[in-house]
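Enquirer: compute the structure for the input listed below.
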Amino acid sequence: MTAAVRQWNRPVAAWVPPLDGGALHAVLEKVRQWQPFDGGAVLDDVAAVLDDVPPPVEDTEDIAEQLRSHLSRLVTIATAAEADQDTTAAQLIRQARTLVSEDVPGDHRKAMGHLRRMGWAVNELLDRLVAVRCLKEVA
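Expert: I've put the predicted structure just below:
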């Protein structure tokens with residue numbers, strides 16, 4: 001038996017990679033910098049600001065940056081998972097974006113109020129993302 005071989009009658013364009021070398025290098029660097037979501041660390045940082053004993057004054061900026069990072073990451077997760085279709089999640093996302101953009105006040109008492117608002121926002125958004133099944137429950 002002889003198998004029939006089909007011939008192309010039309011020209012076929014040569015394959016072109018979707019990204020050039022520089023863009024591939026940039027993607028590789030982003031993959032190398034990626035850190036997996038650590039719900040335990042998120043809850044530890046939230047507990048640090050919502051605890052009865054406030055964190056030391058010298059830790060204010062570091063904690064604020066960690067909470068900003070958590071809020072930004074949760075907003076990214078929520079947006080990617082289209083959780084903003086849920087009205088409660090959408091409201092929490094707006095609140096998170098507002099808090100991320102605000103500077104920490106210079107007065108320590110006001111700074112603690114800001115950190116606590118950020119902590120509550122992280123906690124509420126995390127809980128909502130679990131409720132709408134964007135994230136697994138964090139222990």
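Enquirer: in the chain, which spans are helices?
Expert: Ranges of helices within the chain are 21-33, 39-50, 60-80, 87-101, 108-131, based on DSSP state H.
Enquirer: may I see the buried residues of the second one?
Expert: To tie it back to what came earlier, the one meant is helix 39-50. Val42, Leu43, Asp45, Val46, Ala48, Val49 (16 or more other C-beta atoms under 10 Å). Where you see a C-beta, it was placed from the backbone N, CA and C, and this is true even at glycine.
Enquirer: do the third one as well
Expert: Neighbour-count burial for helix 60-80, counted by 16+ other C-beta under 10 Å, picks out Thr60, Ile63, Ala64, Gln66, Leu67, Arg68, His70, Leu71, Leu74, Val75, Ile77, Ala78.
Enquirer: include pLDDT and distance to Arg10 when you put these into JSON lines, please.
Expert: Shown next, in JSON lines, are those (pLDDT from 0 to 100; distance: C-beta to C-beta, whole Å):
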{"residue": "Thr60", "pLDDT": "91", "distance to Arg10": "67"}
{"residue": "Ile63", "pLDDT": "94", "distance to Arg10": "63"}
{"residue": "Ala64", "pLDDT": "95", "distance to Arg10": "61"}
{"residue": "Gln66", "pLDDT": "95", "distance to Arg10": "58"}
{"residue": "Leu67", "pLDDT": "96", "distance to Arg10": "58"}
{"residue": "Arg68", "pLDDT": "96", "distance to Arg10": "55"}
{"residue": "His70", "pLDDT": "96", "distance to Arg10": "54"}
{"residue": "Leu71", "pLDDT": "96", "distance to Arg10": "53"}
{"residue": "Leu74", "pLDDT": "96", "distance to Arg10": "50"}
{"residue": "Val75", "pLDDT": "96", "distance to Arg10": "48"}
{"residue": "Ile77", "pLDDT": "94", "distance to Arg10": "45"}
{"residue": "Ala78", "pLDDT": "95", "distance to Arg10": "46"}
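Enquirer: distance between stretch 70-79 and the chain's centre?
Expert: 3 Å (C-alpha atoms, centre = their mean, to the nearest Å).
Enquirer: same check, this time on stretch 81-92
Expert: 14 Å.
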